[in-house]
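**Student:** next come a sequence and a model predicted from it.
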Amino acid sequence: MAKRNGKNIKGIISALLVPFDEEGRVNEAGLRQIIRHNIDEMKVDGLYVGGSTGENFLIETDVKKQIFDIAKDESKDDIHLIAQVGGMNVYEAIELGQYATELGYDAISAVTPFYYKFSFAEVKEYYQDIVNAVDNDLIIYSIPVLTGIEMGLKEFEELFALDNIIGVKFTAADFYLLERLRHSFPDVLIYSGFDEMLFPAAIYEVDGAIGSTYNVNGIRARGILEAVKDNDLAKARQLQKESNDLIEAILANGLYPTLKRLLQLEGCDEGPFLSRKPMASITDEQLEEAKRIHEELL
Ligand SMILES: CC(=O)N[C@H](C=O)[C@@H](O)[C@H](O)[C@H](O)CO
Ligand SMILES: CC(=O)C(=O)O
């Protein structure tokens, strides 16, 4: 029986990074350190497990389950857990959704299916199939720049009308659509998906933010949400500026390898922090730059 805690998930949620070893296996000790770093140092409200940031589309179903297990075991009930289960295989999405629900995940999330140019009718049926089969709350993951699936107000309205769909991780720079969604669906949970645009998203009263850089920049991000709530826009803008100096440098140096290196420099030091092939692991030059980023921008 699902706990149905989805509606409580607000605030800063890190998209969990996963360190791999030379053979592409999960470095469990390192992963546990990253989870602890998020909880103890970044003070995050939750973790988004199995996202792009976790290199999730590069790994096997049983490894996805292993990562869900480790995240639950390490974080217990201290924070909210969202399991990203979506992909191009709806049967796998259902299997993973049921698995994470059994483990006690507060909600599941599913990216829109990608690669083939699916029609909206196909996308809707995909979500319908998942919520029919999984007894949990579901957060849509919309990231058109990577999936090619663009949805407007009408499409979101149809999806939000499905039972158990409670929110959307909105990873787009379309602030017009964001405003229309917020205004039209005051009870739907909306999470900002681009960390570099958290401040403007917060002005439109998103419920929280889900992103990769919160693994290392969670404190500033929380500061942005709080400053906007307190109507201190100058402070929020300053924190976004500092965050974006950091994010710009991270993106230029390679997003996931640099984030993993920054975590190592923050003391998550157990075992290899490699990427899953075909994603490249960090080079010596990138290591040097990560050191500079750590010293000057974090
Ligand atoms: C593809 C990807 O990683 N997207 C993340 C969330 O959706 C973001 O957190 C970005 O990584 C971040 O905003 C940097 O661009
Ligand atoms: C939220 C994000 O970065 C992800 O898909 O992992």
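**Tutor:** Yes, it's here. Ligands and ions are numbered 1, 2, ... in the order given.

**Student:** what's the nearest residue to residue 141 if we skip its chain neighbours?
**Tutor:** residue 111 (4.2 Å; CB to CB, 6 or more residues apart in numbering). (Glycine included, C-beta is placed from N, CA and C.)

**Student:** phi, psi for whichever residue of the stretch 1-150 of the chain sits closest to ligand 1 please.
**Tutor:** Closest to ligand 1 within the stretch 1-150 of the chain is residue 52: 4.4 Å, counting by CB to the nearest ligand atom. Per-residue torsions, residue 52: phi -60, psi -40 (degrees, to the nearest 10).

**Student:** residue 225: what's its closest spatial neighbour, skipping adjacent residues?
**Tutor:** Distances taken as CB to CB, 6+ apart put residue 202 closest to residue 225, at 5.5 Å, once the chain neighbours are dropped.

**Student:** what sits against that neighbour?
**Tutor:** Neighbouring residues of residue 202 by CB atoms under 8 Å, 6 or more residues apart in numbering: 192, 209, 224, 225, 228, 229, 236.

**Student:** secondary structure class of the fifth one, three-state.
**Tutor:** It stands for residue 228. helix (DSSP: H, G, I helix; E, B strand; the rest coil).

**Student:** ok, how many other residues are close to it?
**Tutor:** Residue 228 is flanked by 24 other residues according to other CB atoms under 10 Å.

**Student:** per-residue confidence for it?
**Tutor:** In this model, residue 228 is scored at 98, pLDDT.

**Student:** quick check: closest non-adjacent residue to it.
**Tutor:** That would be residue 202: by CB to CB, 6+ apart, it lies 4.0 Å from residue 228.

**Student:** ok, the one you found to ligand 2 distance?
**Tutor:** For residue 202, the distance to ligand 2 equals 17 Å [CB to the nearest ligand atom, to the nearest Å].

**Student:** list the buried ones in whatever helix or strand that residue lives in?
**Tutor:** Residue 202 belongs to helix 198-203 when assigned by DSSP states H and E. Across helix 198-203, burial judged by 16 or more other CB atoms under 10 Å covers 198, 199, 200, 201, 202.

**Student:** list the contacts of the residue nearest to residue 141.
**Tutor:** Here residue 111 is in contact with 52, 84, 86, 87, 141, 143, 147 (CB under 8 Å, 6+ apart).

**Student:** how about the residues of this structure that lie near ligand 1?
**Tutor:** Taking CB under 6 Å from any ligand atom as the criterion, the chain approaches ligand 1 at residues 15, 52-53, 143, 146, 171, 193-196, 211-213, 247, 251, 255.

**Student:** repeat that with 5 Å
**Tutor:** Listed as neighbours of ligand 1 in the chain under the rule CB under 5 Å from any ligand atom: 52, 171, 193, 194, 195, 211, 212.

**Student:** filter these down to the ones close to ligand 2.
**Tutor:** Residues of these in contact with ligand 2 (CB under 5 Å from any ligand atom): 52, 212.

**Student:** can you tell me which of the residues of the chain next to ligand 1 is nearest residue 29?
**Tutor:** residue 212 (21.2 Å; CB to CB).

**Student:** which helices and strands sit right next to the helix or strand containing residue 139?
**Tutor:** Here residue 139 sits within strand 138-142, counting by DSSP H and E. Contact analysis of strand 138-142 by 3 or more CB pairs under 8 Å, 6 or more residues apart in numbering; DSSP states H and E lists strand 107-111, helix 120-133, strand 165-170 as its packing neighbours.

**Student:** report the angle between that strand and strand 165-170.
**Tutor:** Here strand 138-142 points in a direction 30 degrees away from that of strand 165-170 (axes from the mean of the first three to the mean of the last three CA atoms, to 10 degrees).
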